[in-house]
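Trainee: Pasted the sequence and its predicted model underneath.
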Amino acid sequence: LETMEEKEPPYVLINVIGGPDGVYEDHVAYLEKHLKIITMKEFLKNKQVLRHKIQAVFVWYYKPVVDKELLQSLPNLKVVVNSGVGVDHLDLKLIFSFGVKVANTPLAVSSPTADLGIALMLASARRIVEGHQIAVSPDTKHFNADWLGEEVTGATLGIIGMGGIGYKVAQRAKAFDMKILYHNRNRRNVVDEEAVGALYCHKMEDLLRQSDFVMLVVNLTPQTARLIGEKELGLMKPTATLINICRGQVIDQDALVKALQNGIIKAAALDVTYPEPLPRDHALLHLKNVIITPHIGSATAQARHLMMKNMLESILAAINGLPVPNELHV
Ligand SMILES: O=C(O)C(=O)CO
């Protein structure tokens, strides 16, 4: 009996298989080569037995919620692995206090999210969404658009948050001959700066005043919540565009709506809002100078596959007492 138990794969709790919030079915099939997957529903049905077996929680798009109650019910939990880089939905201190490790998947997310930032910048500058609407409209009399877009070539891009994703945005923007400014808690080393031609702005205000495009790429923390409000929007050029690919809460959305309505800034391109999705009557959904995508920074087949693979690697390492790839610390 003992040998049979030893051979049992590690038990991992996930929210649900399939559906909009679920782990993809083909990923589950892959994971099951190494793990025993338990859905939240199965767990709740047979909690008394399963709670002792579960060694990892697989948080796929914010679910399941890892709260005190869940942590208390899993005495053999070793690790919580999170899809994506942002862990603002996890109470790290609480999780660590249970002696549980946490890992995320920064490498899977950084390139596709940077790509999306550039895509939003170009889509806004070249009015791609409006162009599409004209091209498919039954009424062809506006076919030759009676408006013009802006070029990004030679324009100034201000990147707020120069971590893994921000730096990849800069690498891409360099290819457009953009002038790149950045603001970050810590200045990057000179080699990194020179490789992309990025100039450090110690004061975010300086970046806001000078940029034609401002891209937000920070982690959501108490320090970055509502980082961009009425005052900051007021410092931006009336011709500037704000692009957000990190978290909606980094912007004071009411202030953004006012700034967009009153010509304080020209446009916004947002992959993230709060809440997600926005209520259907929200002003941001009805302004012509706004483009919104439904939080698709990492929504590529390659990224999601790599996320799942990295999460699996972190689970197996933690369970086997090995160094955990992408482990987060306090
Ligand atoms: O990596 C993250 O935090 C994401 O939001 C993925 O889209």
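Mentor: Looks like it arrived, so ask away.

Trainee: Flag every buried residue along stretch 183-193.
Mentor: Within stretch 183-193, the residues that qualify as buried are 183-184, 188, 193, counting by 16 or more other CB atoms under 10 Å. Every residue, glycine included, has its C-beta placed from N, CA and C.

Trainee: just for the protein, where's the confidence low?
Mentor: Residues of the chain meeting the criterion pLDDT under 70: 1-6.

Trainee: Around the ligand, which positions in it sit nearby?
Mentor: Within the chain, the positions near the ligand by CB under 6 Å from any ligand atom are 84-86, 109, 295, 297-298.

Trainee: Determine which two of the residues you listed are furthest apart.
Mentor: Greatest spacing in the residues of the chain next to the ligand, by CB to CB: 85 and 295 (13.0 Å).

Trainee: And residue 179, its phi and psi?
Mentor: Note on residue 179: backbone dihedrals following degrees, to the nearest 10 are phi -80, psi 130.

Trainee: Isn't it up against residue 157?
Mentor: Yes: assessed by CB atoms under 8 Å, residue 179 is found in contact with residue 157 at 7.2 Å.

Trainee: Do a quick rundown of the strands in the stretch 201-330 of the chain.
Mentor: All strands of the stretch 201-330 of the chain, identified by DSSP state E, counting those that start in this stretch, fall at 213-216, 241-244, 267-270, 290-292.

Trainee: who touches the third one?
Mentor: Read that as strand 267-270. Strand 267-270 has contacts (CB atoms under 8 Å, 6 or more residues apart in numbering) with 120-121, 123-124, 241-244, 248, 256, 260, 284, 289-293.

Trainee: Run a quick neighbour tally on residue 212.
Mentor: Neighbour count for residue 212, taken as other CB atoms under 10 Å: 22.

Trainee: Enumerate every residue touching it.
Mentor: Residue 212 neighbours (CB under 8 Å, 6+ apart): 150, 155-157, 237, 239-241.

Trainee: Any quick PyMOL command for the buried ones out of those?
Mentor: Selecting the buried subset of the contacts of residue 212 in PyMOL, with 16+ other CB under 10 Å as the burial test, is done by:
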select buried, resi 150+155+156+157+237+240+241
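
Trainee: which pair in the contacts of residue 212 spans the largest distance?
Mentor: The most widely separated members of the contacts of residue 212 are 157 and 239, with 13.7 Å between them, by CB to CB.

Trainee: For residue 114, which non-adjacent residue is spatially closest?
Mentor: Distance criterion CB to CB, 6 or more residues apart in numbering; nearest residue to residue 114, sequence neighbours excluded, is residue 168 at 3.5 Å.

Trainee: For that neighbour, grab phi and psi.
Mentor: Per-residue torsions, residue 168: phi -70, psi -30 (degrees, to the nearest 10).

Trainee: With residue 147 instead?
Mentor: Backbone phi and psi, for residue 147 under degrees, to the nearest 10, turn out to be phi -140, psi 160.

Trainee: I figured it was touching residue 127, is that so?
Mentor: Yes: with contact defined as CB under 8 Å, residue 147 reaches residue 127; the gap is 6.8 Å.

Trainee: Could you check which of these two has the larger neighbour count?
Mentor: Regarding residue 147 and residue 127, a neighbour count based on other CB under 10 Å identifies residue 127 as having more, with 20 against 9.

Trainee: mind listing what the more buried one touches?
Mentor: Counting by CB under 8 Å, 6+ apart, residue 127 touches 145, 147, 149.

Trainee: ok, now with 10 Å
Mentor: Shown in contact with residue 127 (CB atoms under 10 Å, 6 or more residues apart in numbering): 133-134, 145, 147-150, 267, 288-289, 291.

Trainee: Now list the buried members of those residues.
Mentor: 134, 150, 267, 289, 291.

Trainee: Quickly find the element holding the residue lying closest to residue 178 once chain neighbours are set aside.
Mentor: Among residues not flanking residue 178 along the chain, residue 157 sits closest, at 4.6 Å (CB to CB, 6+ apart). According to DSSP states H and E, residue 157 maps onto strand 156-160.

Trainee: Residue 44 too?
Mentor: For residue 44, the host element (DSSP H and E) is helix 40-45.

Trainee: Around the residue in the stretch 101-250 of the chain that the ligand sits nearest to, how many other residues sit close by?
Mentor: Taking CB to the nearest ligand atom, the ligand has its nearest neighbour within the stretch 101-250 of the chain at residue 109, 4.1 Å off. When neighbours are defined as other CB under 10 Å, residue 109 has 24 of them.
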